[in-house]
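>>> curious how this folds, go ahead:
(one chain, ligands or ions: 1)
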Amino acid sequence: MKFTRWARFFSRIPIKFKLTLWSTVLIMVLLLSNYGLQYLVMEKWIIHREKSSVQRNMNEVLNHVLEQETNFKSEQLKDIKQFLSKVNREDQMIRIVDDDDSPIVTVSNDVAEHLTPPRSVSVQQISVYRMEAGPVLVMRSPFTIFEFNGTVEIVKSMAVYEQLIDTLLEVMQVFAVVAVLLSLLVGWLIVRKMLKPLQAMSQTIRDVNRNGLQERMIPAHNGDEISTLMVQFNEMMDKVEESFWQRSRFVEDASHELRTPIAIIEGHLTLLSRWGKNDPNVLDESLRASLDEFSRLKGLVSELLTLSRAEKDMTPLERPLANPVGTIGAILERFMTLHPDFEIELELENLEGYALLVSPDHLEQIMLILLDNAVKYSKAANTIHVRAGLDVPYATLMIEDQGIGIPAQDLPYVTERFYRVDRARRRTQGGNGLGLAIAKRLVERYQGKLVIRSEENVGTAVTLYIPLTPDGASKKEESA
Ligand code: ADP
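Purely as a prediction, here's the structure:
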């Protein structure tokens, strides 16, 4: 319960505190484990060193005793004592004890004799005792010479080391406190600096909410993650803003387009209500004109719907178009019955055996738009060429007319919504300027593209690039 309350509290504190705290905790853990390790290594190392030095001393003493064949009579004790004083080291006592635990010879450098009681042993032993005055290393080794059983005792006081280690620990503690305070301070400064761009980002988002889509972030352009994020945010906002303006332009254009037929119908109805009731000529003329406008209106609304669907419909393709030659042939046949005065020259063999990633309905819709345009914008010439080809990974379908063509300055814009080369004239021809926009969006839905080549008074060729199925694409590569 308590833990979850802490966890909730911690999750709610600002990120800069969290980061500072975490970095400080990490530094503390690292420092402490480092100190712990140092302390352990040092203690072990000191004890190890002392043990081997005591061992060396012990060997010296034993060798001496055995070599000199000491008999531990009072006249020899002086010599032994002299020798022991020579080999003894600082903070160390050497004592020879007989089997009754009574000391026979003792030499000591600053070690109280009663620090450890004299004791004889039968086997060699070495150990560290923790005494009040500090740790003591005691080594005892038995020896026998001329029926004398004795023990050499070496007692090494390690209080000095302990003092050293204690002082070291104190220094480490002070250092650790300073390090933690420093890491808190530096961590806080770094984190504050790092989070500044994030705060700027959040401010910009607030500005977008308050002032509109034109607000942008000011990235540092240093290539770090935050500046990349800012650049990406700006790019996204460019797109959002562009699409917002496109939408509103679309609504404006659409309303504008709808207004003209509505105004015309309104004009005729006004005419009718004033004079038309009694004048059969006016009645007839106005009704005909209104019906024309109604059918134009209907066409426009249905095109607008198609365009809107082409833009957002994302249903995946159910299955590839397996027999493009048959399908395209059938579309063209249907088209020809509607325009018997036009001649269509076909070259579709290149697509024999390939499958296309497009739905037949959409392909028909696109082709009808292009064929309609070819008919609409052809004057005297009434031949249309339809040529299929391969441009891996696409299949191409070119629809070419010998009509009036598109002026070069208009060519880049003809696929925009409501774009007509000659606004006044095209209206009478029935175009709304939506056909190519619909065709382009439909073909792009399938990752295809639409390329238009045109020359005024020579003709126009619109090429559809429709993706082949992967196996179709690889088939072509193999045969190449
Ligand atoms: P519309 O419904 O007006 O034909 P489109 O989007 O299909 O609209 O075409 C846009 C404009 O491009 C047309 O107004 C026309 O001026 C021009 N255009 C399209 N296709 C052709 C073509 N085959 N020949 C000449 N001009 C064309």
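>>> need the contact list for the residue positioned nearest the centre of the chain.
Geometric centre of the chain, nearest residue: Glu225, 9.2 Å, by C-alpha atoms, centre = their mean. Counting by C-beta atoms under 8 Å, 6 or more residues apart in numbering, Glu225 makes contact with nothing. Where you see a C-beta, it was placed from the backbone N, CA and C, and this is true even at glycine.
>>> ramachandran angles for it?
Dihedral pair for Glu225: phi -60, psi -40, per degrees, to the nearest 10.
>>> one more: Leu164?
When quoted as degrees, to the nearest 10, the phi and psi of Leu164 stand at phi -60, psi -50.
>>> where does it land on pLDDT?
The model reports Leu164 with a pLDDT of 85.
>>> any idea how far the ligand is from it?
With distances taken as C-beta to the nearest ligand atom, to the nearest Å, Leu164 is found 93 Å from the ligand.
>>> next one: Gly187
62 Å.
>>> repeat that for Leu30.
Taking C-beta to the nearest ligand atom, one finds Leu30 at 69 Å from the ligand.
>>> before we move on, which element is that residue in?
Element membership of Leu30, judged by DSSP states H and E, is helix 15-67.
>>> tell me which strands and helices that helix is in contact with?
Where contact means 3 or more C-beta pairs under 8 Å, 6 or more residues apart in numbering; DSSP states H and E, helix 15-67 is packed against helix 74-87, strand 92-98, strand 125-131, strand 134-145, strand 148-157, helix 159-211.
>>> average pLDDT across that helix?
For helix 15-67, mean pLDDT is 87.
>>> once you drop chain neighbours, what's closest to whichever residue of the stretch 1-150 of the chain sits closest to the ligand?
Closest approach between the stretch 1-150 of the chain and the ligand, counting by C-beta to the nearest ligand atom: Ile15, at 52.5 Å. Once flanking residues are discounted, Ile15 sits nearest to Leu195: 6.7 Å by C-beta to C-beta, 6 or more residues apart in numbering.
>>> remind me which residues of the stretch 301-450 of the chain are low pLDDT?
Counting by pLDDT under 70, the stretch 301-450 of the chain contains low-confidence ranges at 313, 423-430.
>>> where do the helices sit along it?
324-338, 360-376, 423-429, 435-445 (DSSP state H, counting those that start in this stretch).
>>> CA atoms of the last one as PDB?
Written as PDB, here are the backbone C-alpha positions of helix 435-445 (Å, rounded to 0.1, in the frame of the first residue of the first chain):
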ATOM      1  CA  GLY A 435     -12.300  14.100 -64.400                       C
ATOM      2  CA  LEU A 436      -8.500  14.100 -64.400                       C
ATOM      3  CA  ALA A 437      -8.400  14.800 -60.600                       C
ATOM      4  CA  ILE A 438     -10.500  11.700 -60.000                       C
ATOM      5  CA  ALA A 439      -8.400   9.600 -62.400                       C
ATOM      6  CA  LYS A 440      -5.200  10.700 -60.800                       C
ATOM      7  CA  ARG A 441      -6.300  10.000 -57.200                       C
ATOM      8  CA  LEU A 442      -7.800   6.600 -58.300                       C
ATOM      9  CA  VAL A 443      -4.600   5.400 -59.900                       C
ATOM     10  CA  GLU A 444      -2.500   6.700 -57.000                       C
ATOM     11  CA  ARG A 445      -4.600   4.600 -54.700                       C
END
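>>> for the residue nearest to Ile15, give its distance to the ligand.
From Leu195 to the ligand the distance is 51 Å (C-beta to the nearest ligand atom).
>>> can you report how many residues lie near that residue?
Residues lying near Leu195 (other C-beta atoms under 10 Å) number 16.
>>> hmm, Lys16 and it touching each other?
Yes. Leu195 lies in contact with Lys16 (C-beta atoms under 8 Å); the separation is 5.3 Å.
>>> and the residue of the stretch 101-250 of the chain closest to the ligand?
Phe250 (14.1 Å).
>>> what residues does that residue make contact with?
Arg417.
>>> ok, Tyr161 touching Ile46?
Yes. Counting by C-beta under 8 Å, Ile46 is a contact partner of Tyr161 at 5.2 Å.
>>> quick one: Pro117 is in a strand?
No. Counting by DSSP: H, G, I helix; E, B strand; the rest coil, Pro117 is not found in a strand; it is coil.
>>> ok, it - contacts?
Neighbour list for Pro117: Asp101 [criterion: C-beta under 8 Å, 6+ apart].
>>> for it, grab phi and psi.
Note on Pro117: backbone dihedrals following degrees, to the nearest 10 are phi -70, psi 140.
>>> hmm, back to that, please work out the angle formed by the directions of the strand or helix carrying the residue of the stretch 101-250 of the chain closest to the ligand and helix 435-445.
Per DSSP H and E: Phe250 is located in helix 225-271. Counting by axes from the mean of the first three to the mean of the last three C-alpha atoms, to 10 degrees, helix 225-271 lies at 150 degrees to helix 435-445.
>>> average pLDDT for helix 225-271?
Mean per-residue pLDDT for helix 225-271: 89.
>>> re earlier: tally of neighbours for the residue of the stretch 1-150 of the chain closest to the ligand?
Applying other C-beta under 10 Å, we find 11 residues neighbouring Ile15.
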